[in-house]
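**Student:** Turn this into a structure:
(2 chains)
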Amino acid sequence: MVVKMKDISKAFGPVKVLEGVEFELEPGEIHALMGENGAGKSTLMKILCGVYQADYGTIEISGRPVEIRNTKDAERHGIAIIHQELNLIPQLSVIDNLFLGREKHKGGVLDSRKMRELALEYLAHLGVKNIDPDMEAGKLSIGQQQMVEIAKALSLNAQVLIMDEPTAALTDREIEVLFGLMRDLKSRGVGIVYVSHRMEEIFEICDRISVLRDGQFVGQRVIKDTGFDEIVKLMVGREIGDRFPKRSVAIGKPRLKVGNLDDGHAISDINFEVHAGEVLGVAGLMGSGRSEIVRALFGASRRKSGDVWLDGEAIHINDPIAAIDHGIGFVTEDRKTQGLVLGMSVRENITLTHLAKLARGGVVNGGNESGEVAGLIARLKIRTRDAELDVKSLSGGNQQKVVFAKWLGIAPKVLFLDEPTRGVDVGGKAEIYQIINELAASGVAIVMVSSELPEVLSMSDRILVMHQGRQAGIFDAKTATQETIMHAATGGQ
Amino acid sequence: MSPQTKATLQKLGPLIALVIMSVVLAAMSPDFLTVGNLLNVLRQVSINALIAFGMTFVILLAGIDLSVGSVLALSAALMAGLMGGGMNPVAATMVGLIAGAAMGLLNGLIVTKGKVAPFIATLGTMTLYRGWTMVYTNGSPMTGFNSDFIYMLGSGYVFGIVPIPVVITLVVFGALWFVLKKTVFGRHVYAVGGNPEASKLSGVKVDRVQLWVYSLSGLMAALAGAILTSRLNSAQPTAGAGYELDAIAAVVIGGTSLAGGRGWIVGTLIGAVLLGVLNNGLNLLGVSSFYQQVIKGIIILLAVLIDRAGKK
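**Tutor:** Prediction:
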């Protein structure tokens, strides 16, 4: 069935989120929907699946106008969504989740046998073999949970499937499985809307792409007739220059040296050093122990053994306080749960790491604090109307810059970055790379963990590759390729 | 209306409610708007207000302290017992305050080191401290202090007109307002309440902040206990029962979020005064104490519902 959304407008209070947006989806196509954070992608999809109602505009299915007032209506029309945050209830079994809200029953008594039969049928239909239908959903891997969500959508006989950043938390292998599944669904005539920030994936799996910018529809392209530069230009409305800005920094003396690092469960026998002005990338598959290296070094998780030297002196770090005292900062993987206090202002977040330095006798000097915050906001070009706004009102990229600002406040010697551009749109990414380059130029030693290979290859001087908790090797970024990194990351010699 | 004005109005909601309530009461009862009556209300409010100040810190941490009523009773009994044994009243009061802080510290240790949810931890110590009070007092009131200091604490006046408990409450309020608003510690209270994980990774001593806050809550309960003992001229083993709920009500009416990280102590003061004025006004109007409870319940629910509606 063909879905057409025509002239869709939507406002929340005085804020116009969508204005006259057009979107169409044909059966058997995978259609990418792209745009920077805040462009209106999620709102548009929520209108299609009945979470919101459009203020203006029509939705047509197979040429007939329809009204979608709630998610039940959407289900009836065969439209299902798989949200970015998975919606399974972790304590319930796979079967219970699949039938949640529409349990099979006989006079109010659950018909377990029937549900089990159907569940097995749905999972088999997807070609998923390794999921035990009686397992608690919370004990499945993220990838498996996603498969359960897809099975649930298909059990509703969905002809249109909306996927909102489905690969954000998947391992590379799980992504391959997911893509295989998507191709299979496509061949059965299901139309898929694919929302993602990952350009490489769009070019691999999608047929067409529609781009939104600031709530407006800016264009539609056939994937095989377009390219990276054109799409970025549509998204941000301007050329962003180099996707990965170049850096020319003279690499200095060794700053951080690590020997025989072992955290007792996820990683062992890690040895490396990082020099002043250098970016050491850390690559590897999900679960290979990438993040655990920096977490253990920062004192965020326990460490069994390991020697650490900073500027030639042996140091002992057992908690984040000690790390910060030594001038080590840590931009964490998940800014919402680990990086920011969302209910606090931009100012309060920036100074949280070093408030005592801005105080005398425990009393904060308001003038010093505001002055420093204003300086950091200007230096990192953080776009906020006011430093007193809650940090959660900022876009993803600007929130991430606030996290950088709070670590610049300690005047770091060493900075650990864990997925520094996750959830940041393409324009924001370039700005964050620029910040990383400036930090390196000022003599900071940087360790950057990332699951995005192009990012690791372009931003690093050297790359440490992890495989199953051990280091598979350290490569020179100038000569390394995606293939050499993946080869090492998957255990090839 | 800009979001800022809306937020300010929202914050001042309890104050507006207090003003409206006072105007209505003044119109209905000639006795309400007299200096004597108002100072009397404030003196009655002081005990709940002091406990609620400590509770504000605890709730800002997304915690709760159910043990405050029992801490009040045990520390008051201890003060009375020491004085009965001949200890200097000032020294005995100091020991009582320190004991209150120590009981709070134990709450904090159970929460941080034992990793027990604050509700459960303080539910346990509430019963424990109350039991201890019963054991210590053998279940009967302790009376008979002939001390000017103790008399003054609860029943004395400054300049012959302002009750001493009111002065104590205002001084403590000013100090705690300053701590929350201007100090590193105050900022850390908000941060830990808003996101303990991010705070820890930013170098905030999360456990230590919590220990201080629970100790403060115990100290405030003990201070309220000293004033109550003086007012009644006796330490009752059942003193303070149910006070935790009045304190929580004052905090919540004042707009502090039970989810932590958001709130202010000015609101708590307004909340406590509002509850006191309501109590006093209904008494003056001769409303039965049964209906008073019904009305108090409605006011608490209204305050929270208005707060919810404003956050949408």
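**Student:** Residues of chain A that sit close to chain B?
**Tutor:** Contacts of chain A with chain B, taken as Cβ under 8 Å from any Cβ of the partner chain, map to A:298, A:300, A:320-321, A:323-324, A:330, A:332, A:337-344, A:348, A:352-356, A:359, A:362-364, A:366, A:406. C-beta here means a position set from N, CA and C on the backbone, and glycine is covered the same way.
**Student:** where's the residue in the stretch 101-250 of chain A positioned nearest to chain B, which helix or strand?
**Tutor:** Ranking the residues of the stretch 101-250 of chain A by distance to chain B (Cβ to the nearest Cβ) places A:Ala169 first, at 18.1 Å. For A:Ala169, there is no host helix or strand (DSSP states H and E).
**Student:** Filter the residues of chain A next to chain B down to just the buried residues.
**Tutor:** A:298, A:300, A:320, A:323-324, A:330, A:332, A:338-344, A:348, A:352-355, A:359, A:364, A:406 (16 or more other Cβ atoms under 10 Å in any protein chain shown).
**Student:** Inside strands: which ones of the residues you listed?
**Tutor:** Here DSSP state E is the test, and these give A:Phe330, A:Ala359, A:Val364 as lying in strands.
**Student:** How about the last one: which residues does it bridge to?
**Tutor:** In this structure, A:Val364 has beta-bridge partners A:Ala359, where bridges are defined by DSSP bridges.
**Student:** I'd like the average pLDDT over stretch A:160-173.
**Tutor:** Stretch A:160-173 shows a mean pLDDT of 81.
**Student:** same question but for stretch A:283-294, I mixed them up
**Tutor:** Averaged over stretch A:283-294, pLDDT sits at 88.
**Student:** what about it, how long is it end to end?
**Tutor:** 12 Å (Cα to Cα, to the nearest Å).
**Student:** ok so, going back, tell me which of the ones in strands among the buried ones among the residues of chain A next to chain B is nearest to A:Glu75?
**Tutor:** Closest approach between those and A:Glu75, by Cβ to Cβ: A:Phe330, at 43.5 Å.
**Student:** all strands of the stretch 151-300 of chain B, in order?
**Tutor:** Counting by DSSP state E, counting those that start in this stretch, the stretch 151-300 of chain B has these strands, from start to end: B:157-158, B:162-163, B:234-235.
**Student:** For those, could you give me a markdown table that also reports distance to B:Thr256 and mean neighbour count?
**Tutor:** As requested, these are arranged in a markdown table below (distance: least, Cβ to Cβ, whole Å; neighbours: other Cβ atoms under 10 Å in any protein chain shown):
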| stretch | distance to B:Thr256 | mean neighbour count |
| --- | --- | --- |
| strand B:157-158 | 30 | 12 |
| strand B:162-163 | 26 | 18 |
| strand B:234-235 | 30 | 24 |
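**Student:** Flag every residue of chain B that's near chain A.
**Tutor:** Counting by Cβ under 8 Å from any Cβ, chain B sits next to chain A at B:182-185, B:187-188, B:190-191, B:194-195, B:197-205, B:261-262.
**Student:** Count the neighbours of the residue nearest to A:Ile89 when sequence neighbours are not counted for me.
**Tutor:** Nearest residue to A:Ile89 in three dimensions, chain neighbours excluded: A:Asn97, at 6.1 Å (Cβ to Cβ, 6 or more residues apart in numbering or on different chains). Per other Cβ atoms under 10 Å in any protein chain shown, the neighbour tally for A:Asn97 reads 25.
**Student:** I'd say A:Asn97 and A:Leu88 touch.
**Tutor:** Yes - proximity of A:Asn97 to A:Leu88 meets the contact threshold set by Cβ atoms under 8 Å, at 4.8 Å.
**Student:** shared neighbours, the two?
**Tutor:** A:Ala137, A:Val148 (Cβ atoms under 8 Å, 6 or more residues apart in numbering or on different chains).
**Student:** Which strands or helices does the helix or strand harbouring A:Val232 pack on?
**Tutor:** Assigned by DSSP H and E, A:Val232 falls within helix A:228-236. Secondary-structure packing of helix A:228-236 (3 or more Cβ pairs under 8 Å, 6 or more residues apart in numbering or on different chains; DSSP states H and E): helix A:199-205, strand A:208-213, strand A:216-222, helix A:426-441.
**Student:** which regions of the chain lie under the pLDDT threshold?
**Tutor:** Just so you know, I chose chain A. Along chain A, segments meeting pLDDT under 70 span A:37, A:84-85, A:238-241, A:493.
**Student:** right idea, wrong chain: chain B
**Tutor:** Ranges of chain B meeting pLDDT under 70: B:1-10, B:307, B:309-312.
**Student:** pretty sure A:Leu178 contacts A:Gln145?
**Tutor:** No - look at A:Leu178 against A:Gln145 with Cβ under 8 Å: they stay out of range, at 11.8 Å.
**Student:** any idea which element the closest residue to A:Asp263 other than its chain neighbours lies in?
**Tutor:** In space, and not counting its chain neighbours, A:Asp263 is closest to A:Ala296: 4.4 Å by Cβ to Cβ, 6+ apart. Using DSSP H and E, A:Ala296 falls within helix A:290-298.
**Student:** The stretch 101-250 of chain A: strands as residue ranges?
**Tutor:** A:105-106, A:109-110, A:160-164, A:191-195, A:208-213, A:216-222.
**Student:** tell me what the fifth one is packed against?
**Tutor:** For strand A:208-213, the contact count by 3+ Cβ pairs under 8 Å, 6+ apart identifies strand A:30-34, strand A:216-222, helix A:228-236 as packing neighbours.
**Student:** Pick the most deeply packed of these.
**Tutor:** With neighbours taken as mean count of other Cβ atoms under 10 Å in any protein chain shown, the helices and strands packed on strand A:208-213 reach their highest mean count in strand A:30-34, at a mean of 24.
**Student:** Adjacent strands (with direction) for it?
**Tutor:** Checking strand A:30-34 against DSSP bridges gives partners strand A:191-195 (parallel), strand A:208-213 (parallel).
**Student:** Can you give the distance from the next helix-or-strand element following it to the centre of its chain?
**Tutor:** Remark: after strand A:30-34, the chain's next helix or strand is helix A:41-48, criterion DSSP H and E. Centroid displacement of helix A:41-48 relative to its chain, using Cα atoms, centre = their mean, to the nearest Å, is 19 Å.
**Student:** so what does helix A:41-48 touch, helix or strand wise?
**Tutor:** strand A:3-12, strand A:15-25, strand A:30-34, strand A:79-82, strand A:160-164, strand A:191-195.
**Student:** can you state the direction angle for that helix and strand A:208-213?
**Tutor:** 110 degrees (axes from the mean of the first three to the mean of the last three Cα atoms, to 10 degrees).
**Student:** got the CA coordinates for helix A:41-48 in CSV?
**Tutor:** What follows is helix A:41-48, C-alpha atoms only, in CSV (Å, rounded to 0.1, in the frame of the first residue of the first chain):
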residue,chain,number,x,y,z
LYS,A,41,11.6,13.7,11.8
SER,A,42,10.3,12.2,15.0
THR,A,43,7.2,14.5,15.0
LEU,A,44,6.3,13.5,11.5
MET,A,45,6.6,9.8,12.2
LYS,A,46,4.6,10.2,15.4
ILE,A,47,1.8,11.8,13.4
LEU,A,48,1.9,8.8,11.0
